[in-house]
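**Q** let me see the structure of the following:
(one chain, ligands or ions: 1)
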Amino acid sequence: MSLFAMFKSAGPTGFGYGSTAEQVTEGLSLAGQTILVTGCNSGIGQEACRVLALRGALVLATARTKEKAAASCATFPGKAIGYACELSKPSSVRKCVAAVKEDGHRLDAIICNAGIMMLPKLEKSHGYELQFFTNHIGHFMLVTGLLDQLKDEGRVVMLSSEGHRQAPIGGIVFENLSGDKGYRPLTAYGQSKMANLLFAKELQRRFAGTRKTAYAVHPGVVATNLARNLGPVLSWVLAATGPFFLKSVGEGAATEIFAAVNAKALPLAGSYLSDSNVKKPRADAEDAALATRLWAESEEIVKAL
Ligand SMILES: NC(=O)c1ccc[n+]([C@@H]2O[C@H](COP(=O)([O-])OP(=O)(O)OC[C@H]3O[C@@H](n4cnc5c(N)ncnc54)[C@H](OP(=O)(O)O)[C@@H]3O)[C@@H](O)[C@H]2O)c1
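**A** Prediction:
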């Protein structure tokens, strides 16, 4: 348990800052459930896969390459199948969608966990800033491609972040998705995480009249490979102080797992969750027109890829 967890109380769901992925699934059997998780080979996603497999789910675990995914699957304490899904490469995402369909999987949940943060210099894929493309467009393609595979009560969980509060004024600057008109690492990360949040909100609106649900999640601050771009000093400080001041990976994986499988999440559908409870996001994350526009623009981007 992280040090901070000792001073934080549980929220209305009965879970809180210090709850772990194992605790939010305690007593649950996920036998018969199939759950896809992106970013299975590191950090929070790796822990999420481990706990889902431990509880009996069949985990479809994706990584940039099939080899990476298979190596992780071999470490999970249950059933897991590895798929390649390089989110910055549309051909890879399309192949992943096709492979999951060909293998005949029906999904209880999709957890869009993979992500990159604060690339020091502007990098692009297909002309779009790489954090926006990887964190949002890659997952947009994956989820919309797999919607037909989602079971009637299927859930979609988007890893957002408190970093969404660093998004530019207006939330998403559609006129600068390339980053050419200005690039700041944290603002670009914030925009991508704002996009993850808006996508979950729009998906929940599109699920109206069905029993499918969508959630956006802040996992908490956890010392993982995500910090690799923060520079050696800050990365070292995070790694050294993490065990005392930050969440453990077990605590970090809790909220996404809570959203994906715990019945207590169902009444919270469409919400932004942190510490397995509802948290109010930045105001523009709740702007329905912005979310609808992002969906439409994302469709246009994907059509042209
Ligand atoms: N850690 C935190 O404090 C924190 C806070 C807020 C939000 N989050 C969010 O939580 C999620 C998980 O982060 P983490 O801390 O567990 O980070 P992590 O340890 O760096 O794991 C990120 C995962 O995403 C994968 N990934 C990155 N780029 C990819 C791409 N182009 N295609 C496919 N997979 C890709 C990585 O694969 P490789 O190993 O091959 O790069 C890795 O498996 C992220 O969405 C992050 O934004 C984390």
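
**Q** from the ligand, how far out is the nearest residue to residue 270 once chain neighbours are set aside?
**A** Closest residue to residue 270 apart from its sequence neighbours, by Cβ to Cβ, 6 or more residues apart in numbering: residue 204 at 3.5 Å. In this view, the C-beta of every residue, glycine as well, is placed from N, C-alpha and C. From residue 204 across to the ligand, the span is 19 Å (Cβ to the nearest ligand atom, to the nearest Å).

**Q** and residue 283, by the same measure?
**A** Counting by Cβ to the nearest ligand atom, the gap from residue 283 to the ligand is 20 Å.

**Q** over to residue 99?
**A** As judged by Cβ to the nearest ligand atom, residue 99 and the ligand stand 15 Å apart.

**Q** wait, that residue touches residue 82, no?
**A** No. Using Cβ atoms under 8 Å, residue 99 is not in contact with residue 82; the gap is 10.5 Å.

**Q** okay, those two: which has more neighbours?
**A** residue 82 (24 against 17; other Cβ atoms under 10 Å).

**Q** before we move on, what SS does the more buried one have?
**A** strand (DSSP: H, G, I helix; E, B strand; the rest coil).

**Q** list the contacts of the closest residue in space to it that isn't next to it in sequence.
**A** Nearest non-adjacent residue to residue 82, counting by Cβ to Cβ, 6+ apart: residue 69, 2.9 Å away. For residue 69, the contacting residues are 40, 41, 61, 62, 63, 82, 83, 84, by Cβ atoms under 8 Å, 6 or more residues apart in numbering.

**Q** give me the local confidence score for residue 69.
**A** Predicted confidence (pLDDT) for residue 69: 98.

**Q** where's it relative to residue 45, distance?
**A** 11 Å (Cβ to Cβ, to the nearest Å).

**Q** with residue 26 instead?
**A** When residue 26 is compared with residue 45 (using Cβ to Cβ), they lie 21 Å apart.

**Q** same deal with residue 127?
**A** Counting by Cβ to Cβ, the gap from residue 127 to residue 45 is 27 Å.

**Q** out of the two, which sits in the busier spot?
**A** Set side by side, residue 127 and residue 45 show more neighbours around residue 45, with 29 against 13, by other Cβ under 10 Å.

**Q** tell me, please, the helix or strand in the chain that averages the lowest pLDDT.
**A** Of all helical and strand segments in the chain, the minimum by mean pLDDT, DSSP states H and E falls on helix 232-245, at a mean of 78.

**Q** mind jotting down where the helices sit in this structure?
**A** Along the chain, counting by DSSP state H, helices occupy 21-24, 43-54, 66-73, 90-102, 130-131, 139-146, 185-206, 232-245, 249-261, 288-303.

**Q** between the contacts of residue 69, which is nearest the ligand?
**A** The ligand lies nearest to residue 41 out of the contacts of residue 69, by Cβ to the nearest ligand atom, at 4.6 Å.

**Q** list phi and psi for the closest one.
**A** Residue 41 has phi and psi values of phi -100, psi 10 when expressed as degrees, to the nearest 10.

**Q** residues near it, how many?
**A** Neighbour tally, residue 41, other Cβ under 10 Å: 23.

**Q** how confident is the prediction for it, by pLDDT?
**A** pLDDT, read off for residue 41, is 98.

**Q** tell me the contacts of it?
**A** 63, 68, 69, 71, 72.

**Q** generate CSV for these, with distance to the ligand as supplementary columns.
**A** Output for those, formatted as CSV (distance: Cβ to the nearest ligand atom, whole Å):
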residue, distance to the ligand
63, 6
68, 6
69, 9
71, 11
72, 8
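
**Q** which of these are buried? Put it as a PyMOL command.
**A** This is the PyMOL syntax for the buried subset of these, where burial follows 16 or more other Cβ atoms under 10 Å:
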select buried, resi 63+68+69+72
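
**Q** which of the contacts of residue 41 sits closest to residue 157?
**A** Checking those against residue 157 by Cβ to Cβ gives residue 63 as the nearest, at 17.8 Å.

**Q** quick check: residue 24 touching residue 258?
**A** Yes. The criterion here is Cβ under 8 Å, and residue 24 meets it with residue 258 at 4.3 Å.

**Q** find residues that contact each of the two.
**A** 15, 276.

**Q** report the contact partners of the closest residue to residue 140 other than its chain neighbours.
**A** Of all residues not flanking residue 140 in the chain, residue 298 sits nearest, at 4.7 Å (Cβ to Cβ, 6+ apart). Taking Cβ under 8 Å, 6+ apart, we find residue 298 in contact with 136, 137, 140, 199.

**Q** at 10 Å instead, please
**A** 132, 136, 137, 139, 140, 141, 144, 177, 195, 198, 199, 202 (Cβ atoms under 10 Å, 6 or more residues apart in numbering).
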